[in-house]
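Engineer: Here is the input, now give the coordinates:
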Amino acid sequence: MARFTLPRDIYYGKGTMEVLKTLHGKKAIIVVGGGSMKRFGFLDKAVSYLQEAGMEVRLFENVEPDPSVETVMKGAEAMREFQPDWIISMGGGSPIDAAKAMWAFYEYPETTFEQLIIPFNFPELRQKAKFLAIPSTSGTATEVTAFSVITDYAKGVKYPLADFNITPDVAIVDADLAETMPQTLTAHTGMDALTHAIEAYVSTAHTCFTDPLAMQAIRMVFDHLEASYNGCMEAREQMHYAQCLAGMAFSNALLGIVHSMAHKTGAAFSTGHIPHGCANAIYLPYVIQYNAKEETALKRYAEIARSLGLEGDCPHCLTKALCDKILACNKAMGIPATLKEFGILEDEFKEKIALIAELAVGDACTGTNPRQIDPANMQKLFECIYYGTEVNF
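Structural biologist: Model (predicted):
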């Protein structure tokens with residue numbers, strides 16, 4: 001038996017935060033990040049709309065990037081004290097991911113992270129509150145997904161949480177919020193969205209329900225991302241919708257090894273954090289080359305290329321044209337083509353890559369990649385990405 005799960009309601013369009021006026025409830029807690037939502041006036045607007053709906057409102061602020069177990073527990077404690085019937089989170093992926101985990105600990109204080117990290121093992125939520133998400137970035141699509149990532153800094157472990165229970169009840173995809181993104185973030189989140197859509201389309205768990213969403217998201221990203229990066233707000237709006245479509249697809253079709261690799265390299269090197277979307281952008285063309293050795297994946301990459309109007313006499317030619325298009329998009333937005341170009345030190349790369357490769361193979365996203373991989377081939381793939389060599393194995 002297969003399942004396809006989305007929020008009950010998705011409101012989209014500029015100014016749709018006004019929907020908050022129509023919510024029915026007594027108390028709402030708003031979970032936000034480091035201050036951009038307050039700085040640009042969106043937090044005050046959300047509070048005002050909720051008060052207009054007759055609700056008492058409390059804020060939980062300053063959720064950090066890569067939210068911690070400690071922040072989740074503090075938020076859950078604040079919720080237990082306040083007893084909201086609506087949990088509302090706005091901002092980038094971090095506050096929304098954190099609020100999803102807070103929700104579980106609010107409703108089930110006795111549960112543990114060890115229980116929740118087992119995929120699809122959450123207790124039944126919505127016993128005390130419903131969940132509404134308002135994204136301000138155009139990439140993670142956590143407003144429509146069944147996923148959250150929480151970090152235990154003491155253990156140095158990222159907990160990936162996956163359960164259809166944490167798919168929000170309502171998503172408000174208001175493009176006004178996306179207009180505040182700086183240029184580099186626009187590039188990285190946009191390539192994250194493209195990776196979501198392409199990996200969902202070739203995933204072993206793809207279905208007739210996810211394929212149209214993934215393909216439309218791919219077309220929209222290529223149509224609008226570079227213009228959005230260059231400051232066109234009409235394109236920025238379309239990218240906000242494209243990333244949401246990609247999220248609907250991958251939440252149900254899952255992902256592949258681009259994400260496995262990005263998860264395990266983001267904080268692995270002393271030269272600094274590799275932003276998630278940037279890592280995805282660098283890895284994607286090389287992973288396509290690797291996966292295209294598998295016939296079914298090759299066919300599906302060729303379908304993507306044809307949908308984009310790319311030319312080629314055979315599936316291999318079309319897939320190469322798709323890789324070239326991704327590389328050209330990266331270059332236009334200042335994204336490096338290799339890990340060496342990004343600035344990772346060669347000696348450190350050589351020292352750490354065997355362990356990183358092993359960890360990447362064990363990542364949850366590896367299971368639905370269209371071509372199997374072992375640690376030895378994963379290491380070879382990373383080496384191709386570091387030096388910019390063709391993947392021929």
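Engineer: what's around Ser68, how many residues?
Structural biologist: 16 (other Cβ atoms under 10 Å). For every residue, glycine as well, the C-beta is placed using N, CA and C.
Engineer: er, His316 I mean
Structural biologist: 13.
Engineer: what do you get for Ile118?
Structural biologist: The number of residues packed near Ile118 is 11, by other Cβ under 10 Å.
Engineer: Doesn't it belong to a helix?
Structural biologist: No - remark: Ile118 does not belong to a helix; assigned using DSSP: H, G, I helix; E, B strand; the rest coil, it is coil.
Engineer: ok, now how distant is it from Ile30?
Structural biologist: From Ile118 over to Ile30 the distance is 30 Å, taken as Cβ to Cβ, to the nearest Å.
Engineer: Next: Ile198.
Structural biologist: The spacing between Ile198 and Ile30, counted by Cβ to Cβ, is 34 Å.
Engineer: ok, so what distance separates Gly77 from Glu107?
Structural biologist: Gly isn't right for residue 77; it's Glu. 13 Å.
Engineer: Show me which of those two is the more surrounded one.
Structural biologist: Shown here are Glu77 and Glu107; by other Cβ under 10 Å, Glu107 has more neighbours (21 against 15).
Engineer: That one is in contact with Phe131, isn't it?
Structural biologist: No - counting by Cβ atoms under 8 Å, Glu107 stays clear of Phe131, with 10.7 Å between them.
Engineer: okay, and the common contacts of those two?
Structural biologist: Counting by Cβ atoms under 8 Å, 6 or more residues apart in numbering, the common neighbours of Glu107 and Phe131 are Leu125.
Engineer: The stretch 51-200 of the chain: helices as residue ranges?
Structural biologist: With DSSP state H, counting those that start in this stretch as the criterion, the stretch 51-200 of the chain has helices at 69-82, 93-107, 113-116, 175-178, 183-202.
Engineer: any chance of those helices in TSV, plus mean pLDDT?
Structural biologist: Shown next, in TSV, are those (pLDDT from 0 to 100):
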stretch	mean pLDDT
helix 69-82	97
helix 93-107	97
helix 113-116	90
helix 175-178	96
helix 183-202	98
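Engineer: For the ones you listed, give me a markdown table that also has distance to Asp324.
Structural biologist: Formatted as a markdown table, the helices of the stretch 51-200 of the chain follow (distance: least, Cβ to Cβ, whole Å):
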| stretch | distance to Asp324 |
| --- | --- |
| helix 69-82 | 42 |
| helix 93-107 | 29 |
| helix 113-116 | 42 |
| helix 175-178 | 28 |
| helix 183-202 | 14 |
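Engineer: Quick one: closest of those to Pro315.
Structural biologist: Nearest to Pro315 among the helices of the stretch 51-200 of the chain is helix 183-202; the distance by Cβ to Cβ comes to 12.7 Å.
Engineer: could you give the angle of the closest one to helix 93-107?
Structural biologist: Taking axes from the mean of the first three to the mean of the last three Cα atoms, to 10 degrees, one finds helix 183-202 and helix 93-107 inclined to each other by 70 degrees.
Engineer: on contacts alone, who are the packing partners of helix 183-202?
Structural biologist: helix 211-229, helix 233-253, helix 257-265, helix 276-291, helix 295-307, helix 315-332 (3 or more Cβ pairs under 8 Å, 6 or more residues apart in numbering; DSSP states H and E).
Engineer: need those helices in a markdown table with distance to Trp86 and mean pLDDT, can you?
Structural biologist: Converted to a markdown table, these look like this (distance: least, Cβ to Cβ, whole Å; pLDDT from 0 to 100):
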| stretch | distance to Trp86 | mean pLDDT |
| --- | --- | --- |
| helix 211-229 | 27 | 98 |
| helix 233-253 | 21 | 98 |
| helix 257-265 | 31 | 94 |
| helix 276-291 | 29 | 97 |
| helix 295-307 | 39 | 98 |
| helix 315-332 | 39 | 98 |
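Engineer: Am I right that Thr265 is in contact with Leu355?
Structural biologist: No - contact between Thr265 and Leu355 fails when scored by Cβ under 8 Å: they sit 11.2 Å apart.
Engineer: Compare these two and say which is more crowded by neighbours.
Structural biologist: Between Thr265 and Leu355, counting by other Cβ under 10 Å, Thr265 is the more crowded of the two (25 against 13).
Engineer: Please name the residues that touch the more buried one.
Structural biologist: When contacts are counted by Cβ under 8 Å, 6+ apart, Thr265 touches 274, 279, 356, 360.
Engineer: How about Gln379?
Structural biologist: Neighbours of Gln379 in contact, by Cβ under 8 Å, 6+ apart: 353-354, 357.
Engineer: Quick check: it vs Leu284, distance?
Structural biologist: Applying Cβ to Cβ to Gln379 and Leu284 gives a distance of 18 Å.
Engineer: again, but for Lys21
Structural biologist: 41 Å.
Engineer: With Cys208 instead?
Structural biologist: Distance of Cys208 to Leu284, given as Cβ to Cβ: 24 Å.
Engineer: Val63 too?
Structural biologist: Distance from Val63 to Leu284, by Cβ to Cβ: 28 Å.
Engineer: Check Leu355 too.
Structural biologist: Between Leu355 and Leu284 the distance is 23 Å, computed by Cβ to Cβ.
Engineer: Phe393 against Glu383, yeah?
Structural biologist: No - using Cβ under 8 Å, Phe393 is not in contact with Glu383, being 10.6 Å away.
Engineer: With adjacent residues omitted, what lies nearest to Asn62?
Structural biologist: Among residues not flanking Asn62 along the chain, Gly34 sits closest, at 6.1 Å (Cβ to Cβ, 6 or more residues apart in numbering).
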